[in-house]
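Chemist: Okay, here's the prediction I keep looking at, along with the sequence it came from:
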Amino acid sequence: MERQDLAECVGREWQELEAGILSLFHDQWMDPELPCMEYRSAQRLCEFLERHGFGVERGAGGLPTAFTARAGTGSGPVIAFLAEYDALPGLDNEASASRRSLGKAAGHGCGHNHIGPANVAAAIAAARACAALGIAGEIRVVGCPAEEILWGKIALLKAGVFSGIDAVLTSHGDYQTGALSRPCQSVVSGEFVFSGEAGHGGKSGHRNALLVAEDVVSAAGSLLEKGHPGVLLRHVLRQGGVMPSITPAEARVWFTTRSQDHGKARQAYEAISATAAEIASRVGAGLRHQFISESRGYLPNDTLGRLLYRAMQEIGPPGWSASDLAFMEELSRACAPDEEMDLDRGVGYFDTGEDYYGQDDGEVSWRIPLGRVNWAYPKQVPIHHWAWTALSGHAAGHKGPLAASQTLALAAVRLLASPGLIGAAKDERARRVAGIALTEPRLGAFETLTRDPACFWSATWRE
């Protein structure tokens, strides 16, 4: 039976942190940094943890902007919180209901200015409550760079940073408030660099790198439609020249394949790779394949999901004010003028269907039980969009991650107070993966993203 003062103790400890959380929400939002370049963002979170008694190791796993932080008794189970803090290129915006760039290289169009502070504060509150209540165990934070390219947690996993962790907790903004126990997409990602004959655009020739890249894009789309139904193909042309009268020496295409089935996503990607090689060879163009990462989608865990759901029911949905709702309505009209704002204002448990996104902690969830809570944004506000950046920087966007942070703190303390729950979560994970060969996830771009990430983002990297 739970101690009567457990929830009250967690609540008191968390309330003492709220002002600091809000300050970090703002500071992270004002200073967005690209994946693997989150030097100041990671440092702010490390300093916050250190001020509250955590021991911090910077540069975890050989990643300059990763970190781990620990607090607790050193005996008993280990519960880890994930901190994310990278931003998205091209999505900076004012915290207003119109498109107004601030001229920055990136913006928090996925709300990671919320995730890092909210999850870090949950860890601090949980550690302090456990100390006050005499509950054994360790609270750990894993600072994870480069989630937006589904890279950081794969690198940390391969480096052994997740070793010794018994359960993982995290949060994210989405279109519903509550706890999740359902899969999302597996994603495979890489860049194809085509080289050809540069020169005047009026000169005809077969080794035109841009035309080869365009042929591969067209062929890849047809290939997946006919031979890999259900797999989503996405791409961007990263380099392709600056004007029509200059035939570029190089063209770069970044492909991702997406499917709930990891094997299907991988097979489709390999088919694209073979097609690219065949087309380049046919015209005598050069091809360099630069793999980036692959990650499975979430492995559901109802043991942790139900625990988080009960905790969030106690904490309650986000406490939006009338002015918060008014801003979200204005922002929703800017994005979808003909629709009424649709905002989830309850608390739910989501264990059916499949989510549309990929997450690199999905790969972690196949090896360590993972639980996640969401907070809702209006459905009219697209994720990975300037409007999500705007809401992430506005007071209306703060209420959801505050509720998520309290939920995670309460659930973590209950996990450490009831180690049998951790055992049940581990048993569930083992049942779900029984008979599945968990191959090592592939990872590329390590030298580039740990030594010179700026060249990754300028599309000049070579590895």
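Modeler: Okay, I see it.
Chemist: how about the helices in the stretch 301-450 of the chain?
Modeler: 302-315, 322-335, 361-365, 386-392, 399-417, 419-433, 446-451 (DSSP state H, counting those that start in this stretch).
Chemist: Now tabulate these in CSV and tack on mean neighbour count and mean pLDDT.
Modeler: Using the backbone N, CA and C atoms, a C-beta is placed for each residue, glycine as well. Listed next are these as CSV, based on neighbours: other C-beta atoms under 10 Å; pLDDT from 0 to 100:
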stretch, mean neighbour count, mean pLDDT
helix 302-315, 22, 98
helix 322-335, 17, 98
helix 361-365, 27, 97
helix 386-392, 27, 98
helix 399-417, 26, 98
helix 419-433, 16, 97
helix 446-451, 17, 98
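Chemist: do you know which of those helices lies nearest residue 135?
Modeler: helix 399-417 (5.1 Å; C-beta to C-beta).
Chemist: The closest one relative to helix 322-335, how many degrees between them?
Modeler: Helix 399-417 runs at 110 degrees relative to helix 322-335, counting by axes from the mean of the first three to the mean of the last three C-alpha atoms, to 10 degrees.
Chemist: who are the neighbours of helix 399-417, in terms of helices and strands?
Modeler: helix 6-15, helix 18-30, strand 78-84, helix 112-133, strand 167-174, helix 302-315, strand 370-376, helix 419-433 (3 or more C-beta pairs under 8 Å, 6 or more residues apart in numbering; DSSP states H and E).
Chemist: Now do the third one: distance to the chain's middle.
Modeler: So the one you mean is strand 78-84. Offset of strand 78-84 from its chain centre (C-alpha atoms, centre = their mean, to the nearest Å): 13 Å.
Chemist: which residues sit against that strand?
Modeler: 45, 112, 115-116, 119-120, 122-123, 126, 137-144, 147, 153, 162, 164-170, 361, 368, 408, 412, 415-416 (C-beta atoms under 8 Å, 6 or more residues apart in numbering).
Chemist: picking up where we left off before, so which of the helices of the stretch 301-450 of the chain comes closest to residue 63?
Modeler: Nearest to residue 63, of these and by C-beta to C-beta, is helix 446-451 at 5.9 Å.
Chemist: Show me what stretch 410-425 is in contact with.
Modeler: Contacts for stretch 410-425 (C-beta under 8 Å, 6+ apart): 2-3, 6-7, 9-11, 76-77, 79, 81, 122-123, 126, 129-130, 133, 135-137, 139, 166-167, 169, 301, 303-304, 307-308, 311, 314-315, 369, 371.
Chemist: Give me the buried subset of these.
Modeler: 6-7, 9-11, 76-77, 79, 81, 122-123, 126, 129-130, 135, 137, 139, 166-167, 169, 301, 303-304, 307-308, 311, 315, 369, 371 (16 or more other C-beta atoms under 10 Å).
Chemist: thinking again about what came up before, who wins for proximity to residue 264 among the helices of the stretch 301-450 of the chain?
Modeler: helix 361-365 (15.0 Å).
Chemist: tell me which strands and helices that closest one is in contact with?
Modeler: Counting by 3+ C-beta pairs under 8 Å, 6+ apart, helix 361-365 packs on helix 152-158, strand 167-174.
Chemist: out of these, which comes closest to residue 431?
Modeler: strand 167-174 (15.8 Å).
Chemist: Pull the distance from the closest one to the chain's centre.
Modeler: Relative to the centre of its chain, strand 167-174 is centred 10 Å away, using C-alpha atoms, centre = their mean.
Chemist: Given that strand, what are its sheet partners and their directions?
Modeler: With DSSP bridges as the test, strand 167-174 is paired with strand 78-84 (parallel), strand 370-376 (parallel).
Chemist: can you list these in CSV and add mean pLDDT and distance to residue 336?
Modeler: Shown next, in CSV, are those (pLDDT from 0 to 100; distance: least, C-beta to C-beta, whole Å):
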stretch, mean pLDDT, distance to residue 336
strand 78-84, 98, 27
strand 370-376, 98, 16
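Chemist: Make TSV out of these and add distance to residue 179.
Modeler: Listed next are the strands paired with strand 167-174 as TSV, based on distance: least, C-beta to C-beta, whole Å:
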stretch	distance to residue 179
strand 78-84	15
strand 370-376	5
